[in-house]
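Visitor: Provided below for reference: sequence and predicted model.
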Amino acid sequence: MRTRIYVSALLIASLLCMARGAGVASHAGDKDPSGPVRVAEQTPPGAKLPDANPVLAATPPIGWNSWDGYGTTINEDQVKANAAWFAEHLKPFGWEYVVIDMEWFVTNPTAEGNSKNSLYALDPNGRYIPAENRFPSSAGGKGFKPIGEYIHSLGLKFGIHILRGIPKKAVASNAPIAGSSYHASDAADTGETCPWNPDNFGADATKPAAQAYYDSIASLYASWGVDLIKVDCISSRPYRGEEIRMLSAALAKTGRPIVLSLSPGPAPIEKAEELRKYAQMWRISDDIWDIWHSDMQYPQGLGDQFQNVLKWARLSQPGHWPDADMLPFGYLGPAPGWGQPRQSRLTHDEQRTLLTLWSIFPSPLMIGGDLTKADAWTVSLLTNPEVLAVNQHSSESHPVIATGTAVVWLAEPSSHDGYYIAAFNRGESALALRYSWKEVGLKDSEYVQRDLWERKDLPSAKSFAVNLPAHASMLYKLKPLRIPAH
């Protein structure tokens, strides 16, 4: 029997729900991190003044992250090559962030990372710095500032990955904490480490030195021009609420707008309010790779993600985004964080399904893989402006139907001139969906339809009817058909 999920049921289902605003702000107010917006002395009467404190991550952050293609092995030349490709091909469509993922401070990296044999680069104050044999421009204490300046020169924003806590190597040498009278051993909880990574001890939130250490690394990253920090082993297994708070406070003290991204998932939904208070994005699942389903905790597949986004429906808001994880598209090489180098094993239908679900939800979008080897299909996925508009400029997104095989979501464009509707076939065989407009939560009797993936108008329809192959989806924009009065 078909189980339907309607708006009213979803609102009752979670006391944590917070309605999103009528429209999602554009990136325009979040472009210049250098200081407050300046208002012209002469403002026309009735004109709306620009916001002096624009929302950080007002729309879901979208960019590229090195993990799916390079694991922990990426070097300076590879970062610059991907950033240059990104600026040429994706920036015109609103893509913005270039993020160096895990263990950029390891001098002998392995693709999957987390090695007990890692050798680390640290500064005298016990802070990780880029490995010079991989990032030669960092020599002489420059850190990531030269790479940050290069990425900014392309009109893009720069992000890095870190692991929560304090380096074990810093504690072993009892390094002084910059800007304080404390030392590393004063900050560390030596009885606590990340369960899957040996690099750090936990930071003891009961000790003032722990906040001082986080302040010191935040100050360093701000001096490099970092715009986004992805912090790992903090939002799940275990959830480290006090360290999230300390990191958020440390970033705020820098005076630089820096997006705080939390990983891995699943973040606990009962902590939604706390996550929104301190972070801009947080993972809702473990890593998603190029498979449909997995019976293991790691990795997870695209088909496994439907239940996670259903749980987090309506909990997004400008500046605060549940994150469905990266887009494993294109060439996942030369040293992916999981598995052997390969082209994405997701079918074309599955890749559209992933991007459709991430867009209607909406989730931050972080493409993985080696962009310089992207084929025409991958480029077409990432540069469809009508699909990206769903991700960046819609609101009131929610599921209206969820069965064992069929899922239908509805959202409103910020233009308020209709609706976005997405339908998915989670099953292993073709599926014909037939619903009245009322059954999918719409009031009018007939709608003009536009297929956003194919970018073409379709005949108007008096009901919702689509045929979907296994694991496929569709994404339409609907406008009520108004018959002129005679």
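Guide: Noted; the coordinates are in hand.
Visitor: Just the element for Pro399, please.
Guide: Assigned by DSSP states H and E, Pro399 belongs to strand 394-402.
Visitor: Just the pLDDT at the most centrally placed residue in the chain, thanks.
Guide: By C-alpha atoms, centre = their mean, the chain has its centre lying nearest to Pro364, at 3.4 Å. For Pro364, the pLDDT comes out at 98.
Visitor: my read: it touches His320, true?
Guide: No - taking C-beta atoms under 8 Å as the definition, Pro364 is not a contact partner of His320, at 10.9 Å. Every residue, glycine included, has its C-beta placed from N, CA and C.
Visitor: between these two, what contacts are shared?
Guide: Met281 (C-beta atoms under 8 Å, 6 or more residues apart in numbering).
Visitor: Which positions in the helix or strand hosting Tyr213 come out as buried?
Guide: Assessed by DSSP H and E, Tyr213 sits inside helix 208-224. Residues 209-222, 224 are the ones in helix 208-224 that count as buried (16 or more other C-beta atoms under 10 Å).
Visitor: name the helices or strands packed onto the helix or strand just after the strand holding Pro399?
Guide: Per DSSP H and E, the first helix or strand lying C-terminal to strand 394-402 is strand 406-413. Other helices and strands packing on strand 406-413, by 3 or more C-beta pairs under 8 Å, 6 or more residues apart in numbering; DSSP states H and E, are helix 348-360, helix 385-392, strand 394-402, strand 419-425, strand 431-435.
Visitor: how about those in a markdown table, adding distance to Trp292 and mean neighbour count?
Guide: Listed next are the helices and strands packed on strand 406-413 as a markdown table, based on distance: least, C-beta to C-beta, whole Å; neighbours: other C-beta atoms under 10 Å:
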| stretch | distance to Trp292 | mean neighbour count |
| --- | --- | --- |
| helix 348-360 | 7 | 23 |
| helix 385-392 | 21 | 20 |
| strand 394-402 | 18 | 21 |
| strand 419-425 | 12 | 24 |
| strand 431-435 | 15 | 16 |
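Visitor: got the ones you listed as CSV, with distance to Pro136 and mean pLDDT columns?
Guide: Shown next, in CSV, are the helices and strands packed on strand 406-413 (distance: least, C-beta to C-beta, whole Å; pLDDT from 0 to 100):
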stretch, distance to Pro136, mean pLDDT
helix 348-360, 36, 98
helix 385-392, 35, 98
strand 394-402, 43, 97
strand 419-425, 46, 98
strand 431-435, 54, 98
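Visitor: okay, these in a markdown table with distance to Arg237 next?
Guide: Shown next, in a markdown table, are the helices and strands packed on strand 406-413 (distance: least, C-beta to C-beta, whole Å):
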| stretch | distance to Arg237 |
| --- | --- |
| helix 348-360 | 23 |
| helix 385-392 | 28 |
| strand 394-402 | 27 |
| strand 419-425 | 28 |
| strand 431-435 | 35 |
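Visitor: Pull up the per-residue confidence for the spatially closest residue to Trp67 that is not a sequence neighbour.
Guide: Excluding its sequence neighbours, the residue lying closest to Trp67 (C-beta to C-beta, 6 or more residues apart in numbering) is Asp101, at 3.9 Å. Looking at Asp101, its pLDDT stands at 98.
Visitor: what number of residues lie near Asp101?
Guide: Neighbour count for Asp101, taken as other C-beta atoms under 10 Å: 25.
Visitor: residue contacts, the spatially closest residue to His183 that is not a sequence neighbour?
Guide: Spatial nearest neighbour of His183, excluding adjacent residues (C-beta to C-beta, 6+ apart): Asn174 at 4.8 Å. Residues near Asn174 by C-beta under 8 Å, 6+ apart: His183, Ala184, Ser185.
Visitor: And for Glu350?
Guide: Contacts of Glu350 by C-beta under 8 Å, 6+ apart are Trp292, Leu302, His471, Ala472.
Visitor: give the contact list for the residue nearest to the second one when sequence neighbours are not counted.
Guide: Taking C-beta to C-beta, 6+ apart as the measure, Leu302 lies nearest to Leu354, with 5.2 Å between them; neighbours along the chain are not counted. Each residue near Leu354 by C-beta under 8 Å, 6+ apart is listed here: Leu302, Leu327, Leu346.
Visitor: so what's Trp282 closest to, chain neighbours aside?
Guide: Trp282's closest residue in space is Leu262 (C-beta to C-beta, 6+ apart), at 4.1 Å.
Visitor: Please read the previous query as pertaining to Thr353.
Guide: Ser473 (4.2 Å).
Visitor: To what extent is the one you found buried, counted in neighbours?
Guide: 24.
Visitor: quick one on the thing from earlier: make TSV out of the contacts of Asn174 and add pLDDT and distance to Pro385.
Guide: Shown next, in TSV, are the contacts of Asn174 (pLDDT from 0 to 100; distance: C-beta to C-beta, whole Å):
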residue	pLDDT	distance to Pro385
His183	98	53
Ala184	98	49
Ser185	98	53
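Visitor: Pick the one among those closest to Ala402.
Guide: In terms of C-beta to C-beta, no member of the contacts of Asn174 lies closer to Ala402 than Ala184, at 49.4 Å.
Visitor: quick one, phi psi at that closest one?
Guide: phi -60, psi -40 (degrees, to the nearest 10).
Visitor: is it true that it touches Ala175?
Guide: Yes - assessed by C-beta under 8 Å, Ala184 is found in contact with Ala175 at 4.8 Å.
Visitor: which residues of this protein score low on pLDDT?
Guide: Along the chain, the model assigns pLDDT under 70 to residues 1-52, 483-486.
Visitor: Apply 90 and report the result again.
Guide: 1-54, 237, 296-298, 482-486 (pLDDT under 90).
Visitor: Domain parsing of it, as residue ranges.
Guide: Under the assignment automatic domain parsing, the domains of the chain span 7-11+400-480, 55-394.
Visitor: Out of those, which is the most enclosed?
Guide: Among the domains of the chain, ranked by average contacts under mean count of other C-beta atoms under 10 Å, first place goes to domain 55-394 (a mean of 20).
Visitor: That domain: how far from the chain's middle?
Guide: Offset of domain 55-394 from its chain centre (C-alpha atoms, centre = their mean, to the nearest Å): 8 Å.
Visitor: start to end distance for it?
Guide: From the first residue to the last, domain 55-394 extends over 16 Å; the measure is C-alpha to C-alpha, to the nearest Å.
Visitor: Run through the residues that contact the closest residue in space to Glu243 that isn't next to it in sequence.
Guide: In this structure, Glu243 finds its nearest non-sequential neighbour in Arg164, 5.1 Å apart by C-beta to C-beta, 6+ apart. Going by C-beta under 8 Å, 6+ apart, Arg164 touches Cys194, Asn200, Gly202, Ala203, Val231, Asp232, Cys233, Ile234, Arg240, Glu243, Leu247.
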